[in-house]
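1. model the following, please.
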Amino acid sequence: MKRILLPLTLLFVLILVPVAADAERLRGVAGLEFNEDSDDIRQSRFMTNVMRSLDTAGNHRAGVGIGFDRLSEPDDTHSFRRARADYEGRLGERTMATGSVAALDGAEWSPLLGSARLSHDFVSPIYAEIAAERSYVDTIDAIEREIEIDSASLSVDFGPFAGWTLVGAHTAQDFSDGNQRDITVGRVIYDVPRWQPLLLEVRARNIRMDFDAPEYFSPERLDERLGLVTWRRAVLDERWFLSVQAGAGRQSINSGPSETIYLGEIQWRGWFSNHWGLETGAGCRNTVNLRARDPDSYRYCQANISLLRSW
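-> Numbers count the residues shown, from 1 in each chain. Below you'll find the model as predicted:
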């Protein structure tokens with residue numbers, strides 16, 4: 001309970017920090033995330049938090065929040081209460097930093113998680129990010145074994161060059177059960193100059209793991225290639241932004257026969273007024289074919305919605 005009450009105490013402290021009259025005083029977000037797959041595994045997360053400027057220029061912001069995580073499988077459920085403290089800061093004209101610490105409170109396990117990210121926009125055309133994170137493996141069996149993941153990642157963007165951008169990223173993960181995972185992602189993105197709403201992308205992802213753990217999906221080898229088309233533009237007097245993405249490709253697990261992948265996603269965000277806004281999105285990906293209940297296919301779907309309030 002003390003972990004949950006601490007963010008509320010910090011919230012009152014943040015409210016008392018002085019800020020310029022013409023700056024945004026507070027930004028509140030209440031958000032719900034939900035996902036499920038064709039194996040009847042469902043996960044939901046609710047989070048409400050408040051961010052506050054710490055200086056008159058708005059270069060540094062801090063916030064606190066509370067919420068819950070709930071994971072359900074056909075034979076069991078598990079939930080955590082969550083308390084979180086956040087920071088966002090501009091460390092220079094081209095450098096941004098974010099950090100987060102979350103205390104989870106469960107019936108049998110109460111892990112302390114966190115993340116940090118540093119990004120720098122070098123002299124064009126190079127942009128880079130480094131990040132570190134501690135999270136938990138989101139299956140019931142893994143939670144019962146208290147399996148955590150420590151991740152470190154690096155991402156570099158080159159471009160755009162006449163509309164072309166190259167992205168390379170690598171993530172190294174250490175699991176507390178002794179497993180290790182390496183994820184390498186390469187992307188080629190083309191922003192069509194003659195029709196700005198259209199974005200074309202080719203994406204390759206390779207995953208390598210030490211062993212196939214029984215508590216969570218962890219193939220020793222996964223190779224994936226995707227082609228994606230994204231349409232996005234500002235609408236309704238440019239107060240709202242709409243993005244629709246569709247894609248298809250091939251995936252191979254443990255050097256087995258490749259299977260077709262389908263992906264679709266939609267995002268909608270914007271402001272009703274100067275003080276109220278909304279962010280929402282939904283998406284699904286299928287393997288083998290588009291039939292949701294085909295016994296040979298696998299489907300994963302997710303949705304999120306957040307209500308924004310600005311003071």
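2. can we go C-alpha only for contacts and neighbour counts from here?
-> Noted.
3. all strands for the stretch 151-300 of the chain, in order.
-> Listed from the start of the chain, the stretch 151-300 of the chain has strands (DSSP state E, counting those that start in this stretch) covering 164-175, 180-191, 198-209, 221-235, 240-253, 259-271, 276-287, 298-310.
4. do you know which of these lies nearest residue 61?
-> Evaluated with C-alpha to C-alpha, those place strand 298-310 nearest to residue 61, the distance being 13.8 Å.
5. tilt between the closest one and strand 259-271?
-> 10 degrees (axes from the mean of the first three to the mean of the last three C-alpha atoms, to 10 degrees).
6. what comes into contact with strand 298-310?
-> Residues outside strand 298-310 that contact it (C-alpha atoms under 8 Å, 6 or more residues apart in numbering): 24-39, 274-288, 292.
7. render the CA-only coordinates of it in PDB, please.
-> Taking Å, rounded to 0.1, in the frame of the first residue of the first chain, the C-alpha atoms of strand 298-310 are listed here in PDB:
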ATOM      1  CA  TYR A 298      -2.300 -17.700 -34.800                       C
ATOM      2  CA  ARG A 299      -3.900 -14.300 -34.200                       C
ATOM      3  CA  TYR A 300      -2.800 -11.500 -31.900                       C
ATOM      4  CA  CYS A 301      -4.900  -8.400 -31.400                       C
ATOM      5  CA  GLN A 302      -4.400  -5.200 -29.300                       C
ATOM      6  CA  ALA A 303      -6.300  -2.000 -28.700                       C
ATOM      7  CA  ASN A 304      -5.700   1.100 -26.600                       C
ATOM      8  CA  ILE A 305      -7.600   4.300 -25.700                       C
ATOM      9  CA  SER A 306      -6.400   7.300 -23.700                       C
ATOM     10  CA  LEU A 307      -8.200  10.400 -22.600                       C
ATOM     11  CA  LEU A 308      -6.000  13.500 -22.300                       C
ATOM     12  CA  ARG A 309      -6.600  16.600 -20.100                       C
ATOM     13  CA  SER A 310      -4.500  19.800 -20.300                       C
END
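8. list the strands paired with that strand, with their directions.
-> strand 26-37 (antiparallel), strand 276-287 (antiparallel) (DSSP bridges).
9. pLDDT weak spots in the stretch 201-311 of the chain?
-> 291-294 (pLDDT under 70).
10. just to revisit the earlier point, okay if I get the strands paired with strand 298-310 as a markdown table plus mean neighbour count and distance to residue 204?
-> Below are those laid out as a markdown table (neighbours: other C-alpha atoms under 10 Å; distance: least, C-alpha to C-alpha, whole Å):
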| stretch | mean neighbour count | distance to residue 204 |
| --- | --- | --- |
| strand 26-37 | 18 | 23 |
| strand 276-287 | 19 | 16 |
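11. right, and those - which one's nearest residue 266?
-> So among the strands paired with strand 298-310, strand 276-287 is nearest, using C-alpha to C-alpha, at 5.5 Å.
12. what would the strands of the stretch 151-300 of the chain look like in CSV with distance to residue 137?
-> Listed next are those as CSV, based on distance: least, C-alpha to C-alpha, whole Å:
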stretch, distance to residue 137
strand 164-175, 9
strand 180-191, 13
strand 198-209, 15
strand 221-235, 18
strand 240-253, 20
strand 259-271, 24
strand 276-287, 20
strand 298-310, 17
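13. if residue 88 is in a bridge, with which residues?
-> residue 61, residue 98.
14. same question, residue 27
-> Beta-bridge partners, per DSSP bridges, of residue 27: residue 51, residue 310.
15. tell me the contacts of the residue lying closest to residue 248 once chain neighbours are set aside?
-> Counting by C-alpha to C-alpha, 6 or more residues apart in numbering, residue 248 lies nearest to residue 262, which is 4.5 Å off, once chain neighbours are set aside. Contacts for residue 262 (C-alpha under 8 Å, 6+ apart) come out as 246-249, 285-287, 289-290.
16. ok, residue 196 next?
-> Contacts of residue 196 (C-alpha under 8 Å, 6+ apart): none.
17. next, it: phi, psi?
-> phi -60, psi -30 (degrees, to the nearest 10).
18. quick one: it from residue 265, how far?
-> 19 Å (C-alpha to C-alpha, to the nearest Å).
19. residue 79: which of the strands of the stretch 151-300 of the chain is closest?
-> Using C-alpha to C-alpha, the strands of the stretch 151-300 of the chain put strand 298-310 closest to residue 79, at 18.4 Å.
20. tabulate the contacts of residue 262 (CSV), appending distance to residue 70.
-> Listed next are these as CSV, based on distance: C-alpha to C-alpha, whole Å:
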residue, distance to residue 70
246, 29
247, 30
248, 31
249, 32
285, 22
286, 24
287, 26
289, 29
290, 28
